[in-house]
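Engineer: Quick one, what's the 3D model for this:
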Amino acid sequence: MIIQLEPSINQDQIQALKNKLGEIKYKANKVTTQYGDYLVCVGKKEFDIRSIGKMPGIKDIHRVSDAYKLVSKKWKVGQSMIDLGDGVKIGDGQFALMAGPCSIESEEQIQKTIAHLKANNVKIMRGGVYKPRSSPYSFRGLGIEGLKLWHSLAKEAGIKIITEVMMVEQIESMADYIDIFQVGARNAQNFNLLDALGEVDKPVLLKRGMSGTLDELLQSAEYIFSNGNEKIMLCERGIRTYENAYRNTFDINAIATLKEKSHLPVIADPSHGIGVRRFVDKIAYASTVAGADGIIMEVHHTPEKAFSDGQQTLNFQEAEEVYQKVRKLREIF
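Structural biologist: Residues are numbered from 1 along each chain as shown. Down below sits the predicted model:
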């Protein structure tokens, strides 16, 4: 059960509400976010919901049977929208294209990518400055100094930044230089990191774990929301299966299912989803038709020379074709 509290509710009214919930053996957890105050209540006893809903200080009350309550669509029927400012919005009918290299490599690379994005009216640039790599000998990013350089160039061009955060200790140093924190598949159940991102007033794109179920993804999002941050996006990026003809198995079913289960925006990552450059565009189109609220793709001016993930990265010409076709599909669907 979720109880939305009125902004004007006082402490005596909150205590009376908690006492009433205690009588019916429901445990109440207070959650305060950027947008409101909630009591998330857990219990098993059946009762007349009107006996709680008529109490003073309550804005609304909802029965939510899902284990993930705040991110469930059972209490918030309309879709959430994330506003990045400057007219850049994601969700609730607002479609977002995010594109850029796997890794931020140099000032020249950043400038070329920004010019490409501006020419194609793409408002959000992706890139990694801290890279979790399977091999410790692979390029692992330029770190905070690379992020500062990227931020200065992107801000001047009016481009928003999304990049991956890997540890709690990185959040504070990164916060002033990014617009969206990305949680990668390897950290999808790093609950300490999710808790900490719940305390930050910055949007979070949460990627599905490599072997994670949709319920596990939604439970991870609940960690962020329950700690105070409602600005969450879910990302389908492919899962690990027994198939080895491509890098991952992109779960197109997940997009439609997540849209039914949750009010949070759903973003598709076709680059990691299949991991094969010549198929990325097809997965992007399928994701759009399936109802994704946005696409995040890996794009590089010379993928063959990229420091990481060149095999799944589109060049600028290939990416332009995807932008154009995705926008046409959006008009149809």
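Engineer: rest of the way, CA atoms for contacts and neighbours
Structural biologist: Fine.
Engineer: what about the residue nearest to K76 when sequence neighbours are not counted, how many neighbours?
Structural biologist: Nearest non-adjacent residue to K76, counting by Cα to Cα, 6 or more residues apart in numbering: H263, 6.4 Å away. By the criterion of other Cα atoms under 10 Å, H263 has 24 neighbours.
Engineer: Distance check, H263 against Q79.
Structural biologist: According to Cα to Cα, to the nearest Å, H263 and Q79 sit 5 Å apart.
Engineer: Give me the phi and psi angles of the residue nearest to K76.
Structural biologist: phi -90, psi 0 (degrees, to the nearest 10).
Engineer: Then the one 5 residues further on?
Structural biologist: Dihedral angles of A268 (phi, psi; degrees, to the nearest 10) stand at phi -100, psi 140.
Engineer: unless I'm mixing things up, it is touching S287, no?
Structural biologist: Yes: counting by Cα atoms under 8 Å, A268 touches S287, with 6.3 Å between them.
Engineer: what's the overlap in contacts for those two?
Structural biologist: I255, I295 (Cα atoms under 8 Å, 6 or more residues apart in numbering).
Engineer: and the two? which has more neighbours close in?
Structural biologist: A268 (32 against 28).
Engineer: Let me see the contact set for the more buried one.
Structural biologist: Applying Cα under 8 Å, 6+ apart, the residues contacting A268 are C235, E236, R237, I255, A284, S287, A292, D293, G294, I295, I296.
Engineer: now with 10 Å?
Structural biologist: By Cα atoms under 10 Å, 6 or more residues apart in numbering, the contact set of A268 is 97, 207, 234-238, 250-252, 254-255, 283-284, 286-288, 290-297.
Engineer: go on, L218?
Structural biologist: Contacts for L218 (Cα under 10 Å, 6+ apart) come out as 67-72, 206, 208, 234, 258, 261-262, 264.
Engineer: What distance do you get for it to K202?
Structural biologist: In terms of Cα to Cα, L218 sits 19 Å off from K202.
Engineer: for G228, same thing?
Structural biologist: 11 Å.
Engineer: Mind checking which of these two has more residues around it?
Structural biologist: Taking neighbours as other Cα under 10 Å, G228 and K202 compare with G228 leading, 23 against 20.
Engineer: Can you report phi and psi for that one?
Structural biologist: Taking degrees, to the nearest 10 as the convention, G228 sits at phi 120, psi 0.
Engineer: Skipping its backbone neighbours, what lies nearest it in space?
Structural biologist: Excluding the flanking residues, the one nearest G228 by Cα to Cα, 6+ apart is T33, at 4.0 Å.
Engineer: Below-threshold pLDDT in the stretch 101-250 of the chain: ranges please.
Structural biologist: Confidence mapping of the stretch 101-250 of the chain against pLDDT under 70 gives the ranges 131-134, 137-140.
Engineer: And the strands in it, which stretches?
Structural biologist: Remark: strands assigned in the stretch 101-250 of the chain by DSSP state E, counting those that start in this stretch are 124-126, 160-164, 180-183, 204-207, 232-236.
Engineer: Of all these, which one is nearest V322?
Structural biologist: Nearest to V322, of all the strands of the stretch 101-250 of the chain, is strand 124-126, at 15.4 Å by Cα to Cα.
Engineer: Parallel or antiparallel, list what pairs with the closest one.
Structural biologist: In the sheet, strand 124-126 lines up against strand 96-100 (parallel), strand 160-164 (parallel) (DSSP bridges).
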